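# my questions concern the predicted model and sequence given below.
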Amino acid sequence: MKQDMIVILDLGSHENTVVARAIRALGVYSEIYPHDITAAELKALPNVKGIIINGGPNNVIDGVAIDVLPDIYEAGFPVMAAGHDKALCEVKLAQFANDEEAIKEAVKGFVFDTCKAEANWNMKNFVADQVELIRQQVGDKKVLLALSGGVDSSVVAALLLKAIGDNLVCVHVNHGLMRKGESENVVEVFRNQLCANLVYVDATDRFLGLLEGVADPEQKRKIIGTEFIRVFEEEARKLDGIDFLGQGTIYPDIVESGTKTAKMVKSHHNVGGLPEDLQFALVEPLKQLFKDEVRACGVELGLPYEMVYRQPFPGPGLGVRCLGAITRDRLEALREADAILREEFAIAGLDKKVWQYFTVVPDFKSVGVRDNARSYDWPVIIRAVNTIDAMTATIEQIEWPILLKITDRILKEVPNVNRVCYDMSPKPSSTIEWE
């Protein structure tokens, strides 16, 4: 069943994703497209019921005010815009400033009364559509999937298994940047419990060798992303009929990697780090979903609760939490501190309350005291945030006794660490990850 769709044309607004989420919350599917989409391209999209032209502060590019193409107004779709002022074409939604409930009320009449859209956007229909689309794209060929064990790749694996079964080959690469016990758990769950066709590759030395001395976070991300593809290509050459690469790209990955009217926040390994000579066609069934929708999709597919609500973990792993040039001893300190944090959050029940929590170890030291002598060691920074869609985030207010216990354990159990700090910065102005 194809869902009705409301198209949002990006004319420089900061609220595009909030508007899209609000429309989806009404039960109607919505996607964001660039302002210069043509009428022909628009008509080629499935089940478009109406258009929202959403302007904002980024509506000037190279000194020129941007506008949608004139033929958009003649395409035959209902259009929501302020007075149809072609100089700005700005919907008066910015006044609600990320208030999803208020935006739902503001667009409800347009979506249902004007556009006559049907509220048929739900995960059951989404899964059915994606299974059909995957089968059409892949046919009887095989798909190679990077299976990190995180939520996104796990849900993609479940979707692909439902669509193509044994033609899915999962590859788990241990790049040496995994959390403590992570690779072992991935093998246990996917190979031993879910009986997936899983190939395990230990490439720790390979990745850390390439990253040696590399301090720039964007360069680190691109090295990790590119090398991932190289590893997959090597594994694919050992197999027959691999033509596709499955990826757990989700919508915030695409938005943060930059659009025509929005500057790049950071590149993602599965968006900005792919090599130009990629040997596979991509299969990305989650690329229009927000994080909470990915979890809902996992539930619909019958994945275990603990897998669907697993801690988010970036593709570059601890590589973007071991700040600056990665060293093995600092990486190990980070891994151990992270394990302590996760253990104590689970004991306190915060693992079910806090959306994402992790530690960061920067590439600098400070003076301290250990065993009655002067020490010169690293700090560990704790970050704990709550969010719905990863586009904005607030700080979790952890009770002092819990923070003190975590601090005490890290200082006693993790070598070469003499300070523990708590990151109080929301998103924006910070991002969730430090790099």
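On my side now, so go ahead. Numbering: from 1, shown residues only.

# name the residues linked to the residue lying closest to residue 23 once chain neighbours are set aside by a beta bridge.
Spatial nearest neighbour of residue 23, chain neighbours left out: residue 30 (3.9 Å); criterion: C-beta to C-beta, 6 or more residues apart in numbering. Every residue, glycine included, has its C-beta placed from N, CA and C. Legend: beta-bridge partners of residue 30 under DSSP bridges are residue 6.

# ok, residue 254 to residue 5 distance?
17 Å (C-beta to C-beta, to the nearest Å).

# please apply the same query to residue 163.
Separation of residue 163 from residue 5 (C-beta to C-beta): 22 Å.

# one step back: more neighbours, residue 254 and residue 5?
Neighbour count, other C-beta atoms under 10 Å: between residue 254 and residue 5, residue 5 has more, with 20 against 17.

# right, and that one touches residue 42 too?
No - Residue 5 lies out of contact with residue 42 (C-beta atoms under 8 Å); the separation is 10.6 Å.

# any residues in contact with both of the two?
residue 48 (C-beta atoms under 8 Å, 6 or more residues apart in numbering).

# follow-up on the earlier one: the residue nearest to residue 23 touches residue 16, doesn't it?
No - contact criterion C-beta under 8 Å: residue 30 and residue 16 do not qualify, at 9.7 Å.

# so what sits against both of the two?
residue 8.

# just the CA trace of the helix or strand hosting residue 132, in PDB.
Assigned by DSSP states H and E, residue 132 belongs to helix 123-138. Below are the C-alpha coordinates for helix 123-138, written out as PDB (Å, rounded to 0.1, in the frame of the first residue of the first chain):
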ATOM      1  CA  MET A 123       5.100   1.100  10.300                       C
ATOM      2  CA  LYS A 124       3.100  -1.900   9.000                       C
ATOM      3  CA  ASN A 125       2.600  -0.200   5.700                       C
ATOM      4  CA  PHE A 126       6.100   1.100   5.600                       C
ATOM      5  CA  VAL A 127       7.600  -2.400   6.100                       C
ATOM      6  CA  ALA A 128       5.300  -3.800   3.400                       C
ATOM      7  CA  ASP A 129       6.400  -1.100   1.000                       C
ATOM      8  CA  GLN A 130      10.100  -1.400   1.700                       C
ATOM      9  CA  VAL A 131      10.000  -5.200   1.400                       C
ATOM     10  CA  GLU A 132       8.400  -4.800  -2.100                       C
ATOM     11  CA  LEU A 133      10.900  -2.100  -3.100                       C
ATOM     12  CA  ILE A 134      13.900  -4.100  -1.900                       C
ATOM     13  CA  ARG A 135      12.700  -7.100  -3.900                       C
ATOM     14  CA  GLN A 136      12.300  -5.000  -7.000                       C
ATOM     15  CA  GLN A 137      15.700  -3.400  -6.600                       C
ATOM     16  CA  VAL A 138      17.700  -6.500  -5.700                       C
END
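
# can you give the contact residues for the very next helix or strand once past that helix?
Sequence-wise, the next helix or strand downstream of helix 123-138 (DSSP H and E) is strand 142-146. For strand 142-146, the external contacting residues (C-beta under 8 Å, 6+ apart) are 153, 156-157, 160, 164, 167-173, 228, 232, 235-236, 239-248, 280, 283.

# mind giving me the PyMOL select for the residues you listed, buried ones only?
Here is the PyMOL command that selects only those of those that count as buried (16 or more other C-beta atoms under 10 Å):
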select buried, resi 153+156+157+160+164+167+168+169+170+171+172+173+228+232+235+236+242+244+245+246+247+248+280+283
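
# in helices, which of the contacts of strand 142-146 fall?
153, 156-157, 160, 164, 228, 232, 235-236 (DSSP state H).

# tell me the two of these that are most distant?
Spanning the widest gap among the ones in helices among the contacts of strand 142-146 are 164 and 228, at 21.7 Å by C-beta to C-beta.

# give me the sheet partners of the longest strand seen in the chain and which way each runs.
If you go by DSSP state E, the chain has its longest strand at strand 373-386. Partners of strand 373-386 in the sheet, by DSSP bridges, are strand 356-360 (antiparallel), strand 366-370 (antiparallel), strand 394-395 (antiparallel), strand 417-422 (parallel).

# how about the residue nearest to residue 23, what does it touch?
Going by C-beta under 8 Å, 6+ apart, residue 30 touches 5-8, 19-20, 23-24.

# so where is this protein shaky, pLDDT-wise?
1, 56-64, 82-83, 85-98, 255-278 (pLDDT under 70).

# which stretches of it form helices?
Under the criterion DSSP H, helices of the chain are mapped to 16-25, 39-44, 100-109, 123-138, 151-164, 182-186, 204-211, 217-237, 251-256, 291-300, 305-308, 328-348, 400-413.

# identify the residue nearest residue 156 in space, chain neighbours excluded?
In this structure, residue 156 finds its nearest non-sequential neighbour in residue 248, 4.7 Å apart by C-beta to C-beta, 6+ apart.

# how many other residues sit next to the closest residue to residue 290 other than its chain neighbours?
With C-beta to C-beta, 6+ apart as the criterion, residue 290 has its nearest non-adjacent residue at 4.2 Å, and that residue is residue 389. The local packing of residue 389 (other C-beta under 10 Å) involves 20 other residues.

# same question, residue 309
Residue 309 has 16 nearby residues by other C-beta under 10 Å.

# residue farthest from the centroid of this protein?
What lies farthest from the middle of the chain is residue 372; by C-alpha atoms, centre = their mean that is 45.1 Å.

# state the distance from the residue nearest to residue 23 to residue 220.
34 Å.

# related to what we said a few turns ago, turn the helices of the chain into JSON lines, including distance to residue 55.
Shown next, in JSON lines, are those (distance: least, C-beta to C-beta, whole Å):
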{"stretch": "helix 16-25", "distance to residue 55": "10"}
{"stretch": "helix 39-44", "distance to residue 55": "18"}
{"stretch": "helix 100-109", "distance to residue 55": "15"}
{"stretch": "helix 123-138", "distance to residue 55": "29"}
{"stretch": "helix 151-164", "distance to residue 55": "31"}
{"stretch": "helix 182-186", "distance to residue 55": "44"}
{"stretch": "helix 204-211", "distance to residue 55": "42"}
{"stretch": "helix 217-237", "distance to residue 55": "30"}
{"stretch": "helix 251-256", "distance to residue 55": "17"}
{"stretch": "helix 291-300", "distance to residue 55": "26"}
{"stretch": "helix 305-308", "distance to residue 55": "37"}
{"stretch": "helix 328-348", "distance to residue 55": "42"}
{"stretch": "helix 400-413", "distance to residue 55": "44"}
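
# so which of those gets nearest residue 315?
With C-beta to C-beta as the measure, helix 217-237 is the member of the helices of the chain nearest residue 315 (7.0 Å).

# buried set for the closest one?
Neighbour count says helix 217-237 has 217, 220-229, 231-233, 235-236 buried, by 16+ other C-beta under 10 Å.
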